[in-house]
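**Student:** Only the shape, not the letters, is given here:
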């Protein structure tokens, strides 16, 4: 299984950081690696919620929330032929505020070759997402 994990310390309370990361509809204005977000259902993010995400250099992907702990974490997954991608967004208290950990794993028969072709771009996107959430949580 291919994957990566990236953490950043944020000078804001965990509730604030989670609010920023879970507000996926505002990602395009906060995160430069997200072109557009379309929620495919109404209401707050919840298990079963679906979101279409468009990012530069990737085809649009529908993400489905599979786990959610209010104020702390959510995990969603996307499936395409031969690949399942799971992305986790975890916020925990830290002495300096909060620690945001983003983790991504890819599995399936085509995951290995796909990972080899996109690993550096995905790493840059995950790092940019973390830095952008940090900036938004510390600013607002």
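**Tutor:** Happy to help now that I have it. Model, not experiment: these values are computed from the prediction.

**Student:** Would you state the strands of the chain in chain order?
**Tutor:** 2-10, 36-39, 50-54, 61-69, 73-80, 83-94, 97-107 (DSSP state E).

**Student:** now what about the last one, what contacts it?
**Tutor:** Identification of contacts with strand 97-107 by Cβ atoms under 8 Å, 6 or more residues apart in numbering yields 1-14, 16-17, 21, 83-93, 114-115, 122, 126, 129-130, 133-134, 137. C-beta here means a position set from N, CA and C on the backbone, and glycine is covered the same way.

**Student:** follow-up on the earlier one: of all the strands of the chain, which one is nearest residue 30?
**Tutor:** Nearest to residue 30, of all the strands of the chain, is strand 36-39, at 10.5 Å by Cβ to Cβ.

**Student:** Mind checking the pLDDT average for that closest one?
**Tutor:** Averaged across strand 36-39, the pLDDT comes to 97.

**Student:** what does stretch 98-105 give?
**Tutor:** 97.
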